[in-house]
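Participant: got a predicted model here, sequence first, then my questions.
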Amino acid sequence: MPLGVNRTWVKYIEKGAWPDTKRFFSVLRCNHCTDAPCVAICPTQALFKRDDGIVDFDTDRCIGCKSCMQACPYDALYIDPHENTAQKCNYCAHRTDIGLEPACVIVCPEQAIIAGDMDDPTTRISRMLSTEKLAVRAPEQGTGPNVFYKGVETSNLDPSRSGELTDSGVWRDAPRVAESWMSVDLTPKAPSGPIGNLGDVSSPSPPVSVDSSNGGPPRVVYNTDHPAPWGWKVSSYFLTKGLAAGIAVAAAVALLSGVGTDSAWMSWLAPLVAGLFILLTGLLLVWDLKRPDRFLYILTKANPGSWLVRGAWILGAQAALMGAWFLMGVLDIGSLRPVIFVSALNGLLVAGYTAFLFGQAEGRDLWQTPLLLWHMIGGALAVGGGFSLIAAMVSDSVSEAAEPFALVMVVGAAVVGLMTLTELIGSHPTTNAEAAFHHMTKGEFASRWWRGQFLVVAVPIVAGALVLAGGTVVTGVVGGIAAMIGVFMVDDAFVKAGQSVPLS
(Lines give C-alpha, C1' and ligand atoms only; values in the text may rest on other atoms or scores of the structure.)
Protein backbone atom coordinates (compact mmCIF):
# COMPACT_ATOMS: atom_id res chain seq x y z
CA MET A 1 0.00 0.00 0.00
CA PRO A 2 1.52 3.36 -1.01
CA LEU A 3 1.50 6.16 1.55
CA GLY A 4 -1.39 8.58 1.27
CA VAL A 5 -4.16 6.16 0.23
CA ASN A 6 -6.27 3.78 2.27
CA ARG A 7 -8.26 0.64 1.54
CA THR A 8 -9.75 0.83 5.02
CA TRP A 9 -9.66 3.59 7.60
CA VAL A 10 -11.06 4.51 11.00
CA LYS A 11 -13.20 7.62 11.34
CA TYR A 12 -13.35 9.43 14.70
CA ILE A 13 -16.42 11.33 15.89
CA GLU A 14 -16.69 13.35 19.12
CA LYS A 15 -19.94 14.32 20.87
CA GLY A 16 -20.83 16.40 23.89
CA ALA A 17 -19.29 19.31 25.76
CA TRP A 18 -16.43 19.24 28.22
CA PRO A 19 -16.22 17.43 30.58
CA ASP A 20 -18.99 15.15 29.29
CA THR A 21 -17.50 14.14 25.95
CA LYS A 22 -17.29 10.86 24.11
CA ARG A 23 -15.34 9.69 21.10
CA PHE A 24 -16.66 7.04 18.70
CA PHE A 25 -14.74 4.97 16.16
CA SER A 26 -15.96 3.25 13.01
CA VAL A 27 -14.03 1.28 10.43
CA LEU A 28 -14.92 2.35 6.87
CA ARG A 29 -14.16 0.32 3.76
CA CYS A 30 -15.59 -1.19 0.58
CA ASN A 31 -19.02 -2.68 1.31
CA HIS A 32 -18.83 -5.43 -1.36
CA CYS A 33 -22.35 -4.53 -2.42
CA THR A 34 -24.85 -7.05 -3.65
CA ASP A 35 -25.71 -4.63 -6.46
CA ALA A 36 -22.35 -2.90 -6.86
CA PRO A 37 -22.65 0.37 -8.86
CA CYS A 38 -18.87 0.48 -9.41
CA VAL A 39 -19.09 -2.76 -11.39
CA ALA A 40 -21.99 -1.46 -13.48
CA ILE A 41 -20.26 1.78 -14.48
CA CYS A 42 -16.73 0.43 -15.05
CA PRO A 43 -16.17 0.62 -18.83
CA THR A 44 -13.49 -2.07 -19.08
CA GLN A 45 -14.73 -4.66 -16.56
CA ALA A 46 -11.71 -3.89 -14.39
CA LEU A 47 -14.12 -4.14 -11.46
CA PHE A 48 -16.07 -7.37 -11.25
CA LYS A 49 -18.06 -9.43 -8.79
CA ARG A 50 -16.82 -12.90 -7.99
CA ASP A 51 -19.06 -15.91 -7.47
CA ASP A 52 -18.42 -15.72 -3.72
CA GLY A 53 -19.69 -12.12 -3.56
CA ILE A 54 -16.34 -10.34 -3.32
CA VAL A 55 -16.11 -7.22 -5.49
CA ASP A 56 -12.59 -7.47 -6.90
CA PHE A 57 -10.54 -5.51 -9.40
CA ASP A 58 -8.07 -6.15 -12.21
CA THR A 59 -5.59 -3.28 -12.42
CA ASP A 60 -4.35 -4.55 -15.79
CA ARG A 61 -7.68 -3.52 -17.36
CA CYS A 62 -8.21 -0.18 -15.55
CA ILE A 63 -7.95 3.00 -17.65
CA GLY A 64 -8.21 5.37 -14.68
CA CYS A 65 -11.46 7.03 -15.75
CA LYS A 66 -12.47 7.47 -12.06
CA SER A 67 -16.10 6.72 -12.83
CA CYS A 68 -16.13 3.96 -10.20
CA MET A 69 -15.17 6.56 -7.60
CA GLN A 70 -18.26 8.56 -8.56
CA ALA A 71 -20.47 5.48 -8.49
CA CYS A 72 -19.44 4.31 -5.02
CA PRO A 73 -21.60 5.85 -2.25
CA TYR A 74 -18.97 4.85 0.33
CA ASP A 75 -15.76 6.57 -0.86
CA ALA A 76 -14.18 3.14 -1.01
CA LEU A 77 -12.08 3.57 -4.17
CA TYR A 78 -8.92 5.57 -4.72
CA ILE A 79 -6.31 6.06 -7.46
CA ASP A 80 -3.10 4.23 -6.67
CA PRO A 81 -0.31 6.83 -7.04
CA HIS A 82 2.10 4.23 -8.42
CA GLU A 83 -0.11 2.33 -10.85
CA ASN A 84 -2.46 5.25 -11.69
CA THR A 85 -5.35 2.79 -11.53
CA ALA A 86 -8.35 2.46 -9.25
CA GLN A 87 -7.98 0.14 -6.28
CA LYS A 88 -9.86 -0.69 -3.09
CA CYS A 89 -10.37 -3.32 -0.40
CA ASN A 90 -10.93 -6.68 -2.11
CA TYR A 91 -11.58 -8.65 1.10
CA CYS A 92 -8.02 -9.96 0.85
CA ALA A 93 -9.14 -12.29 -1.93
CA HIS A 94 -5.60 -13.69 -2.18
CA ARG A 95 -5.98 -14.87 1.44
CA THR A 96 -9.58 -16.07 1.34
CA ASP A 97 -8.78 -18.13 -1.76
CA ILE A 98 -6.50 -20.30 0.38
CA GLY A 99 -8.78 -20.43 3.42
CA LEU A 100 -7.36 -17.53 5.43
CA GLU A 101 -9.30 -14.62 6.88
CA PRO A 102 -8.72 -11.01 5.70
CA ALA A 103 -5.67 -9.36 7.22
CA CYS A 104 -7.71 -6.74 9.09
CA VAL A 105 -9.57 -9.51 10.94
CA ILE A 106 -6.33 -11.20 11.98
CA VAL A 107 -4.56 -8.03 13.10
CA CYS A 108 -7.45 -6.59 15.17
CA PRO A 109 -6.56 -7.26 18.85
CA GLU A 110 -10.16 -6.90 20.10
CA GLN A 111 -11.95 -9.05 17.49
CA ALA A 112 -13.93 -5.96 16.55
CA ILE A 113 -13.94 -7.07 12.90
CA ILE A 114 -15.84 -10.26 12.13
CA ALA A 115 -15.81 -11.85 8.67
CA GLY A 116 -17.31 -14.98 7.21
CA ASP A 117 -19.89 -16.62 5.00
CA MET A 118 -23.25 -14.96 5.58
CA ASP A 119 -25.07 -17.84 3.87
CA ASP A 120 -23.64 -20.45 6.26
CA PRO A 121 -25.87 -20.53 9.38
CA THR A 122 -23.03 -21.96 11.47
CA THR A 123 -20.78 -18.90 11.11
CA ARG A 124 -20.62 -16.18 13.74
CA ILE A 125 -21.48 -13.46 11.26
CA SER A 126 -24.54 -15.35 10.06
CA ARG A 127 -25.78 -15.74 13.64
CA MET A 128 -25.23 -12.04 14.29
CA LEU A 129 -27.19 -11.09 11.19
CA SER A 130 -30.14 -13.17 12.35
CA THR A 131 -30.15 -12.14 16.02
CA GLU A 132 -28.49 -8.72 16.42
CA LYS A 133 -29.62 -5.20 15.57
CA LEU A 134 -27.11 -4.06 12.95
CA ALA A 135 -26.75 -0.98 10.76
CA VAL A 136 -25.37 -0.33 7.28
CA ARG A 137 -24.10 2.76 5.51
CA ALA A 138 -26.33 4.61 3.03
CA PRO A 139 -29.09 1.99 2.78
CA GLU A 140 -31.15 4.47 0.73
CA GLN A 141 -28.77 3.93 -2.20
CA GLY A 142 -30.14 0.42 -2.73
CA THR A 143 -26.72 -1.14 -3.27
CA GLY A 144 -27.18 -3.96 -0.74
CA PRO A 145 -24.03 -3.28 1.34
CA ASN A 146 -22.51 -6.33 3.02
CA VAL A 147 -20.60 -4.56 5.79
CA PHE A 148 -22.68 -4.31 8.98
CA TYR A 149 -22.15 -2.32 12.17
CA LYS A 150 -23.16 -3.24 15.73
CA GLY A 151 -23.65 -0.53 18.35
CA VAL A 152 -22.49 2.19 15.96
CA GLU A 153 -22.82 5.92 16.51
CA THR A 154 -25.16 6.95 13.67
CA SER A 155 -23.28 10.13 12.82
CA ASN A 156 -20.16 8.07 12.12
CA LEU A 157 -21.89 6.33 9.22
CA ASP A 158 -23.88 9.30 7.90
CA PRO A 159 -21.72 12.37 7.11
CA SER A 160 -24.83 14.57 6.97
CA ARG A 161 -25.35 14.08 10.71
CA SER A 162 -22.05 15.63 11.77
CA GLY A 163 -19.97 18.69 11.12
CA GLU A 164 -17.11 18.42 8.66
CA LEU A 165 -13.44 18.19 9.63
CA THR A 166 -12.45 21.86 9.82
CA ASP A 167 -9.06 21.80 11.57
CA SER A 168 -6.03 19.55 11.64
CA GLY A 169 -7.79 16.93 13.78
CA VAL A 170 -5.46 14.34 15.27
CA TRP A 171 -2.22 13.18 13.61
CA ARG A 172 -2.70 15.48 10.63
CA ASP A 173 -1.00 18.56 9.27
CA ALA A 174 -3.25 21.60 8.99
CA PRO A 175 -1.86 22.70 5.56
CA ARG A 176 -2.84 19.34 4.06
CA VAL A 177 -6.36 19.72 5.41
CA ALA A 178 -6.56 23.18 3.87
CA GLU A 179 -5.93 21.62 0.47
CA SER A 180 -8.55 18.92 0.95
CA TRP A 181 -11.90 19.25 -0.79
CA MET A 182 -13.48 17.71 2.32
CA SER A 183 -12.63 20.75 4.41
CA VAL A 184 -13.55 23.51 1.94
CA ASP A 185 -15.51 26.25 3.72
CA LEU A 186 -18.89 26.17 2.02
CA THR A 187 -20.37 28.98 4.12
CA PRO A 188 -21.16 32.31 2.40
CA LYS A 189 -18.38 34.81 1.89
CA ALA A 190 -18.57 38.54 1.36
CA PRO A 191 -17.94 39.69 -2.23
CA SER A 192 -14.41 40.78 -3.06
CA GLY A 193 -13.08 42.61 -6.06
CA PRO A 194 -15.12 44.07 -8.94
CA ILE A 195 -17.08 40.89 -9.58
CA GLY A 196 -17.03 39.30 -6.12
CA ASN A 197 -16.12 35.70 -5.49
CA LEU A 198 -17.96 32.39 -5.67
CA GLY A 199 -19.90 32.92 -2.43
CA ASP A 200 -23.35 34.36 -1.85
CA VAL A 201 -23.66 36.61 1.20
CA SER A 202 -27.39 35.92 1.53
CA SER A 203 -26.93 32.16 1.68
CA PRO A 204 -28.00 30.17 4.73
CA SER A 205 -25.97 27.21 5.91
CA PRO A 206 -26.44 23.94 4.02
CA PRO A 207 -29.14 21.68 5.47
CA VAL A 208 -27.93 18.97 7.83
CA SER A 209 -29.70 16.48 10.06
CA VAL A 210 -27.86 16.77 13.34
CA ASP A 211 -28.60 16.71 17.05
CA SER A 212 -27.54 20.15 18.29
CA SER A 213 -28.08 19.40 21.98
CA ASN A 214 -25.38 18.71 24.57
CA GLY A 215 -22.46 20.54 23.03
CA GLY A 216 -23.61 20.95 19.45
CA PRO A 217 -23.55 18.49 16.57
CA PRO A 218 -21.11 15.57 16.48
CA ARG A 219 -17.64 16.65 15.37
CA VAL A 220 -15.35 14.84 12.95
CA VAL A 221 -11.87 14.81 14.46
CA TYR A 222 -10.18 12.28 12.20
CA ASN A 223 -10.87 11.04 8.71
CA THR A 224 -9.04 10.36 5.47
CA ASP A 225 -8.95 12.55 2.37
CA HIS A 226 -11.08 11.81 -0.69
CA PRO A 227 -10.26 14.35 -3.42
CA ALA A 228 -12.91 15.13 -6.04
CA PRO A 229 -12.17 12.87 -9.04
CA TRP A 230 -13.57 15.07 -11.86
CA GLY A 231 -12.82 18.71 -12.66
CA TRP A 232 -12.81 21.22 -15.50
CA LYS A 233 -12.04 18.66 -18.22
CA VAL A 234 -15.37 16.95 -17.63
CA SER A 235 -17.14 20.33 -17.56
CA SER A 236 -15.46 21.28 -20.86
CA TYR A 237 -16.50 17.98 -22.41
CA PHE A 238 -20.13 18.89 -21.70
CA LEU A 239 -19.66 21.98 -23.88
CA THR A 240 -17.67 20.45 -26.74
CA LYS A 241 -20.01 17.52 -27.29
CA GLY A 242 -22.98 19.87 -26.97
CA LEU A 243 -21.56 22.01 -29.77
CA ALA A 244 -21.01 18.97 -31.99
CA ALA A 245 -24.57 17.80 -31.41
CA GLY A 246 -26.22 21.22 -31.63
CA ILE A 247 -24.62 22.15 -34.95
CA ALA A 248 -26.08 19.03 -36.55
CA VAL A 249 -29.54 19.69 -35.11
CA ALA A 250 -29.44 23.33 -36.22
CA ALA A 251 -28.56 22.25 -39.78
CA ALA A 252 -31.50 19.82 -39.84
CA VAL A 253 -33.91 22.52 -38.63
CA ALA A 254 -32.58 24.82 -41.35
CA LEU A 255 -33.36 22.14 -43.96
CA LEU A 256 -36.90 21.80 -42.61
CA SER A 257 -37.37 25.56 -42.94
CA GLY A 258 -36.45 25.47 -46.63
CA VAL A 259 -32.74 26.27 -46.55
CA GLY A 260 -30.77 24.43 -49.23
CA THR A 261 -27.50 22.51 -49.00
CA ASP A 262 -25.61 24.43 -51.66
CA SER A 263 -23.78 26.77 -49.25
CA ALA A 264 -20.33 25.93 -47.95
CA TRP A 265 -21.62 25.75 -44.36
CA MET A 266 -24.44 23.35 -45.10
CA SER A 267 -22.48 21.19 -47.53
CA TRP A 268 -19.13 20.65 -45.83
CA LEU A 269 -18.12 23.29 -43.26
CA ALA A 270 -20.75 22.40 -40.62
CA PRO A 271 -19.72 18.72 -40.47
CA LEU A 272 -16.06 19.74 -40.42
CA VAL A 273 -16.54 22.06 -37.43
CA ALA A 274 -18.80 19.58 -35.62
CA GLY A 275 -16.28 16.82 -36.30
CA LEU A 276 -13.52 18.93 -34.77
CA PHE A 277 -15.63 19.37 -31.65
CA ILE A 278 -16.12 15.59 -31.53
CA LEU A 279 -12.34 15.21 -31.78
CA LEU A 280 -11.84 17.76 -29.00
CA THR A 281 -14.36 15.87 -26.87
CA GLY A 282 -12.39 12.67 -27.32
CA LEU A 283 -9.13 14.41 -26.50
CA LEU A 284 -10.58 15.83 -23.28
CA LEU A 285 -11.85 12.41 -22.23
CA VAL A 286 -8.51 10.74 -22.94
CA TRP A 287 -6.61 13.58 -21.23
CA ASP A 288 -8.68 13.06 -18.07
CA LEU A 289 -7.76 9.37 -17.85
CA LYS A 290 -5.11 8.35 -15.35
CA ARG A 291 -3.97 5.73 -17.87
CA PRO A 292 -4.44 7.41 -21.27
CA ASP A 293 -2.18 4.78 -22.82
CA ARG A 294 -5.05 2.32 -22.35
CA PHE A 295 -7.86 4.44 -23.81
CA LEU A 296 -8.61 1.87 -26.53
CA TYR A 297 -9.59 -0.61 -23.79
CA ILE A 298 -12.94 1.17 -23.71
CA LEU A 299 -13.57 -0.51 -27.08
CA THR A 300 -11.48 -3.67 -26.91
CA LYS A 301 -12.36 -4.68 -23.31
CA ALA A 302 -15.77 -3.02 -23.19
CA ASN A 303 -18.50 -3.44 -20.59
CA PRO A 304 -21.65 -2.90 -22.70
CA GLY A 305 -23.66 -1.95 -19.62
CA SER A 306 -21.50 1.10 -18.89
CA TRP A 307 -22.69 4.39 -20.33
CA LEU A 308 -19.05 5.35 -20.75
CA VAL A 309 -18.84 2.59 -23.36
CA ARG A 310 -22.21 3.43 -24.88
CA GLY A 311 -21.18 7.05 -25.02
CA ALA A 312 -18.01 6.11 -26.89
CA TRP A 313 -20.14 4.22 -29.42
CA ILE A 314 -22.47 7.22 -29.83
CA LEU A 315 -19.56 9.65 -30.25
CA GLY A 316 -17.92 7.28 -32.75
CA ALA A 317 -21.14 7.05 -34.75
CA GLN A 318 -21.43 10.85 -34.82
CA ALA A 319 -17.83 11.16 -35.99
CA ALA A 320 -18.57 8.70 -38.82
CA LEU A 321 -21.70 10.63 -39.81
CA MET A 322 -19.76 13.91 -39.81
CA GLY A 323 -17.14 12.29 -42.02
CA ALA A 324 -19.73 11.00 -44.47
CA TRP A 325 -21.52 14.37 -44.58
CA PHE A 326 -18.21 16.19 -45.14
CA LEU A 327 -17.03 13.89 -47.94
CA MET A 328 -20.39 13.90 -49.69
CA GLY A 329 -20.45 17.69 -49.57
CA VAL A 330 -16.88 18.19 -50.77
CA LEU A 331 -17.19 15.62 -53.55
CA ASP A 332 -20.79 16.60 -54.38
CA ILE A 333 -22.00 13.00 -54.10
CA GLY A 334 -25.68 12.24 -53.58
CA SER A 335 -28.25 14.04 -51.45
CA LEU A 336 -27.08 15.47 -48.15
CA ARG A 337 -30.53 15.64 -46.60
CA PRO A 338 -30.69 12.04 -45.28
CA VAL A 339 -27.25 12.15 -43.66
CA ILE A 340 -28.00 15.54 -42.07
CA PHE A 341 -31.24 14.30 -40.55
CA VAL A 342 -29.60 11.12 -39.25
CA SER A 343 -26.76 13.23 -37.83
CA ALA A 344 -29.29 15.41 -36.02
CA LEU A 345 -31.05 12.40 -34.48
CA ASN A 346 -27.76 10.88 -33.33
CA GLY A 347 -26.75 14.35 -32.16
CA LEU A 348 -29.57 14.25 -29.63
CA LEU A 349 -27.99 11.04 -28.30
CA VAL A 350 -24.59 12.74 -28.20
CA ALA A 351 -26.08 15.57 -26.16
CA GLY A 352 -28.14 13.43 -23.82
CA TYR A 353 -26.24 10.23 -23.06
CA THR A 354 -24.24 11.91 -20.31
CA ALA A 355 -27.42 12.09 -18.23
CA PHE A 356 -27.49 8.28 -18.15
CA LEU A 357 -23.75 8.13 -17.39
CA PHE A 358 -24.20 10.50 -14.45
CA GLY A 359 -27.22 8.44 -13.43
CA GLN A 360 -24.85 5.50 -12.94
CA ALA A 361 -22.75 7.65 -10.58
CA GLU A 362 -24.77 6.45 -7.57
CA GLY A 363 -22.57 8.24 -5.05
CA ARG A 364 -23.52 11.71 -6.33
CA ASP A 365 -27.19 12.24 -5.58
CA LEU A 366 -27.33 15.68 -7.23
CA TRP A 367 -26.57 14.02 -10.56
CA GLN A 368 -29.49 11.60 -10.30
CA THR A 369 -32.09 14.17 -11.33
CA PRO A 370 -34.32 13.08 -14.26
CA LEU A 371 -34.16 16.67 -15.52
CA LEU A 372 -30.51 16.29 -16.51
CA LEU A 373 -31.34 14.68 -19.87
CA TRP A 374 -33.42 17.66 -20.96
CA HIS A 375 -30.90 20.11 -19.55
CA MET A 376 -28.17 18.48 -21.65
CA ILE A 377 -30.28 18.55 -24.81
CA GLY A 378 -31.37 22.14 -24.19
CA GLY A 379 -27.80 23.27 -23.64
CA ALA A 380 -26.67 21.57 -26.86
CA LEU A 381 -29.40 23.32 -28.87
CA ALA A 382 -28.53 26.68 -27.33
CA VAL A 383 -24.81 26.48 -28.13
CA GLY A 384 -25.30 24.70 -31.48
CA GLY A 385 -27.78 27.25 -32.74
CA GLY A 386 -25.64 30.09 -31.40
CA PHE A 387 -22.46 28.80 -33.02
CA SER A 388 -24.28 28.29 -36.32
CA LEU A 389 -25.29 31.97 -36.23
CA ILE A 390 -21.59 32.82 -36.44
CA ALA A 391 -21.51 31.01 -39.79
CA ALA A 392 -24.62 32.91 -40.87
CA MET A 393 -22.93 36.19 -40.00
CA VAL A 394 -19.66 35.57 -41.84
CA SER A 395 -21.18 33.90 -44.92
CA ASP A 396 -23.78 35.59 -47.10
CA SER A 397 -24.61 32.25 -48.71
CA VAL A 398 -26.03 30.89 -45.45
CA SER A 399 -27.54 34.09 -44.05
CA GLU A 400 -31.00 32.79 -44.98
CA ALA A 401 -30.55 30.20 -42.25
CA ALA A 402 -30.14 32.83 -39.52
CA GLU A 403 -33.76 32.59 -38.38
CA PRO A 404 -33.88 28.79 -38.00
CA PHE A 405 -30.51 28.89 -36.25
CA ALA A 406 -31.84 31.58 -33.88
CA LEU A 407 -34.97 29.50 -33.28
CA VAL A 408 -32.86 26.50 -32.25
CA MET A 409 -30.88 28.70 -29.85
CA VAL A 410 -34.02 30.21 -28.31
CA VAL A 411 -35.69 26.80 -27.86
CA GLY A 412 -32.56 25.35 -26.27
CA ALA A 413 -32.16 28.27 -23.87
CA ALA A 414 -35.84 28.06 -22.94
CA VAL A 415 -35.53 24.35 -22.18
CA VAL A 416 -32.54 25.01 -19.92
CA GLY A 417 -34.47 27.75 -18.15
CA LEU A 418 -37.50 25.53 -17.67
CA MET A 419 -35.38 22.72 -16.21
CA THR A 420 -33.67 25.19 -13.88
CA LEU A 421 -37.00 26.58 -12.67
CA THR A 422 -38.35 23.06 -12.11
CA GLU A 423 -35.27 22.14 -10.08
CA LEU A 424 -35.49 25.31 -7.99
CA ILE A 425 -39.12 24.83 -6.99
CA GLY A 426 -38.89 21.05 -6.59
CA SER A 427 -37.72 18.96 -3.67
CA HIS A 428 -34.72 16.65 -3.35
CA PRO A 429 -35.12 13.05 -2.23
CA THR A 430 -31.98 12.75 -0.10
CA THR A 431 -29.99 14.91 2.30
CA ASN A 432 -26.96 14.43 0.04
CA ALA A 433 -28.79 15.88 -2.97
CA GLU A 434 -30.25 18.71 -0.91
CA ALA A 435 -26.85 19.70 0.47
CA ALA A 436 -25.17 19.54 -2.96
CA PHE A 437 -27.96 21.63 -4.49
CA HIS A 438 -27.43 24.17 -1.73
CA HIS A 439 -23.71 24.33 -2.49
CA MET A 440 -24.53 24.89 -6.18
CA THR A 441 -27.21 27.54 -5.77
CA LYS A 442 -26.44 29.27 -2.46
CA GLY A 443 -22.95 28.26 -1.40
CA GLU A 444 -19.47 27.86 -2.82
CA PHE A 445 -20.52 27.60 -6.48
CA ALA A 446 -23.56 29.89 -6.42
CA SER A 447 -22.09 32.92 -8.18
CA ARG A 448 -20.76 30.78 -11.04
CA TRP A 449 -24.07 28.93 -11.39
CA TRP A 450 -26.34 31.99 -11.32
CA ARG A 451 -24.18 33.96 -13.73
CA GLY A 452 -24.07 30.97 -16.03
CA GLN A 453 -27.86 30.67 -15.90
CA PHE A 454 -28.20 34.31 -16.95
CA LEU A 455 -25.79 33.81 -19.85
CA VAL A 456 -27.29 30.55 -21.13
CA VAL A 457 -30.97 31.43 -20.61
CA ALA A 458 -31.73 35.16 -20.61
CA VAL A 459 -29.19 36.47 -23.12
CA PRO A 460 -29.78 33.84 -25.88
CA ILE A 461 -33.58 34.13 -25.59
CA VAL A 462 -33.51 37.92 -25.94
CA ALA A 463 -30.85 37.89 -28.67
CA GLY A 464 -32.56 35.12 -30.63
CA ALA A 465 -35.94 36.82 -30.34
CA LEU A 466 -34.46 39.98 -31.85
CA VAL A 467 -33.12 38.00 -34.81
CA LEU A 468 -36.51 36.35 -35.33
CA ALA A 469 -38.11 39.79 -35.20
CA GLY A 470 -35.92 40.97 -38.07
CA GLY A 471 -32.84 42.16 -36.21
CA THR A 472 -29.25 41.71 -37.31
CA VAL A 473 -27.44 38.39 -37.12
CA VAL A 474 -24.77 40.04 -34.98
CA THR A 475 -27.27 40.19 -32.15
CA GLY A 476 -27.77 36.45 -32.40
CA VAL A 477 -24.03 35.86 -32.37
CA VAL A 478 -23.82 37.70 -29.03
CA GLY A 479 -26.48 35.33 -27.70
CA GLY A 480 -24.57 32.32 -29.01
CA ILE A 481 -21.31 33.37 -27.38
CA ALA A 482 -23.14 34.00 -24.10
CA ALA A 483 -24.75 30.55 -24.34
CA MET A 484 -21.38 28.84 -24.74
CA ILE A 485 -19.88 30.64 -21.75
CA GLY A 486 -23.02 30.04 -19.72
CA VAL A 487 -23.20 26.31 -20.46
CA PHE A 488 -19.65 25.84 -19.26
CA MET A 489 -20.23 27.84 -16.08
CA VAL A 490 -23.49 26.07 -15.18
CA ASP A 491 -22.17 22.60 -15.92
CA ASP A 492 -18.89 23.27 -14.12
CA ALA A 493 -20.82 24.29 -11.00
CA PHE A 494 -23.05 21.23 -11.38
CA VAL A 495 -20.12 18.81 -11.70
CA LYS A 496 -18.21 20.27 -8.76
CA ALA A 497 -21.21 20.75 -6.46
CA GLY A 498 -22.17 17.13 -6.97
CA GLN A 499 -18.80 16.13 -5.54
CA SER A 500 -18.81 18.67 -2.70
CA VAL A 501 -20.76 16.55 -0.19
CA PRO A 502 -18.59 14.05 1.76
CA LEU A 503 -19.65 10.43 1.44
CA SER A 504 -17.70 9.09 4.42
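Facilitator: Arrived safely, thanks for sending.
Participant: show me where this structure has strands.
Facilitator: With strands called from DSSP state E, the chain shows them at 8-17, 20-29, 47-49, 55-57, 78-79, 86-87, 134-135, 149-150, 219-222.
Participant: ok, the nearest residue to residue 120 once chain neighbours are set aside to residue 119 distance?
Facilitator: Closest residue to residue 120 apart from its sequence neighbours, by CB to CB, 6 or more residues apart in numbering: residue 126 at 5.7 Å. The way it works is simple: take the backbone N, C-alpha and C, and place the C-beta from them, glycine included. Here the distance between residue 126 and residue 119 works out to 7 Å (CB to CB, to the nearest Å).
Participant: looking only at neighbour counts, state which of these two leads.
Facilitator: Each of residue 126 and residue 119 has its neighbours counted (other CB atoms under 10 Å); residue 126 has more, 15 against 9.
Participant: next up, the contacts around that one.
Facilitator: 116-120 (CB atoms under 8 Å, 6 or more residues apart in numbering).
Participant: and it, how far from residue 110?
Facilitator: Applying CB to CB to residue 126 and residue 110 gives a distance of 21 Å.
Participant: check residue 474 too.
Facilitator: Counting by CB to CB, the gap between residue 474 and residue 110 amounts to 74 Å.
Participant: what do you get for residue 132?
Facilitator: Between residue 132 and residue 110 the distance is 17 Å, computed by CB to CB.
Participant: so for the two, which sits in the more crowded spot?
Facilitator: Taking other CB under 10 Å, residue 132 and residue 110 do not tie; residue 132 has more neighbours (11 against 5).
Participant: isn't the more buried one up against residue 150?
Facilitator: Yes: counting by CB atoms under 8 Å, residue 132 does reach residue 150; the two are 5.7 Å apart.
Participant: from residue 443, how far off is residue 220?
Facilitator: Distance, residue 220 to residue 443, by CB to CB: 19 Å.
Participant: who has more neighbours, these two?
Facilitator: Just comparing residue 220 and residue 443: by other CB under 10 Å the higher neighbour count belongs to residue 443, 28 against 23.
Participant: could I get the pLDDT score of the more buried one?
Facilitator: Note for residue 443: predicted pLDDT of 93.
Participant: next one: it from residue 436, what distance?
Facilitator: Residue 443 sits 9 Å away from residue 436, taking CB to CB as the criterion.
Participant: run a quick neighbour tally on residue 94.
Facilitator: Neighbour count for residue 94, taken as other CB under 10 Å: 11.
Participant: and for residue 102?
Facilitator: Residue 102 is flanked by 19 other residues according to other CB under 10 Å.
Participant: which residue is the nearest non-sequential neighbour of it?
Facilitator: Of all residues not flanking residue 102 in the chain, residue 92 sits nearest, at 3.9 Å (CB to CB, 6+ apart).
Participant: roughly how far does the one you found sit from residue 9?
Facilitator: Per CB to CB, residue 92 is found 16 Å from residue 9.
Participant: repeat that for residue 494.
Facilitator: 29 Å.
Participant: more crowded one of the two?
Facilitator: Taking neighbours as other CB under 10 Å, residue 494 and residue 9 compare with residue 494 leading, 24 against 17.
Participant: so what's the more buried one up against?
Facilitator: 366-367, 440, 449.
Participant: what does residue 292 give?
Facilitator: 63-64, 286.
Participant: pLDDT score for it?
Facilitator: pLDDT, residue 292: 96.
Participant: try residue 168
Facilitator: pLDDT, residue 168: 58.
Participant: same question for residue 195.
Facilitator: Model confidence at residue 195, given as pLDDT, is 33.
Participant: cool, residue 132 as well?
Facilitator: If you check residue 132, the pLDDT there is 92.
Participant: just use 29 as the starting number from now, easier for me
Facilitator: In the new count, where the first residue is 29, that last one comes out as residue 160.
Participant: so what's it up against?
Facilitator: Per CB under 8 Å, 6+ apart, neighbours of residue 160: residue 178.
Participant: can you check residue 392 too?
Facilitator: 98, 386, 460, 464, 526-527.
Participant: again, 6 Å this time
Facilitator: Counting by CB atoms under 6 Å, 6 or more residues apart in numbering, residue 392 touches 98, 526.
Participant: can you check the one 10 residues further on too?
Facilitator: Remark: with contacts taken as CB under 6 Å, 6+ apart, residue 402 is in contact with 443, 447.
Participant: relative to residue 102, how far out is it?
Facilitator: 30 Å.
Participant: same check on residue 252?
Facilitator: Using CB to CB, residue 252 is found at 12 Å from residue 102.
Participant: just residue 408 next, same as before
Facilitator: Distance of residue 408 to residue 102, given as CB to CB: 33 Å.
Participant: one more: residue 354?
Facilitator: Going from residue 354 to residue 102 by CB to CB gives 47 Å.
Participant: can you pull the pLDDT of the residue nearest to residue 487 when sequence neighbours are not counted?
Facilitator: Leaving out its chain neighbours, the residue that sits closest to residue 487 by CB to CB, 6+ apart is residue 510, at 3.8 Å. pLDDT for residue 510: 97.
Participant: can you name the residues that contact residue 404?
Facilitator: 379-380, 382-383.
Participant: of all the residues you listed, which comes closest to residue 74?
Facilitator: Within the contacts of residue 404, the smallest distance to residue 74 is 21.2 Å, found for residue 382 (CB to CB).
Participant: please tell me how far the residue nearest to that closest one when sequence neighbours are not counted sits from residue 385.
Facilitator: Nearest non-adjacent residue to residue 382, counting by CB to CB, 6+ apart: residue 404, 5.7 Å away. As judged by CB to CB, residue 404 and residue 385 stand 10 Å apart.
Participant: same deal with residue 494?
Facilitator: Applying CB to CB, the value for residue 494 to residue 385 is 36 Å.
Participant: the two: who's more crowded?
Facilitator: Using other CB under 10 Å, the more surrounded residue of residue 494 and residue 385 is residue 385, with 20 against 17.
Participant: need the contact list for the closest residue in space to the more buried one that isn't next to it in sequence.
Facilitator: Leaving out its chain neighbours, the residue that sits closest to residue 385 by CB to CB, 6+ apart is residue 335, at 3.8 Å. Residues in contact with residue 335, defined by CB under 6 Å, 6+ apart, are 384-385, 388.
Participant: ok, residue 335 to residue 253 distance?
Facilitator: 28 Å.
Participant: what's the answer for residue 261, then?
Facilitator: Distance from residue 261 to residue 253, by CB to CB: 21 Å.
Participant: swap in residue 428?
Facilitator: 57 Å.
Participant: who's more crowded, the two?
Facilitator: Between residue 428 and residue 253, residue 253 has the larger neighbour count (other CB under 10 Å), namely 19 against 15.
Participant: for this protein, name the helix or strand with the lowest mean pLDDT.
Facilitator: Ranked by mean pLDDT, DSSP states H and E, the weakest helix or strand in the chain is helix 202-207, scoring a mean of 43.
Participant: now stretch 358-365, how far from the centre of its chain.
Facilitator: 39 Å (CA atoms, centre = their mean, to the nearest Å).
Participant: how about the contacts made by residue 420?
Facilitator: With CB under 6 Å, 6+ apart, residue 420 has these contacts: 426-427, 429-430, 433, 501.
Participant: likewise for residue 496?
Facilitator: Neighbouring residues of residue 496 by CB under 6 Å, 6+ apart: 431, 434.
Participant: show the pLDDT at it.
Facilitator: pLDDT, residue 496: 95.
Participant: next one: it relative to residue 111, how far apart?
Facilitator: Distance of residue 496 to residue 111, given as CB to CB: 55 Å.
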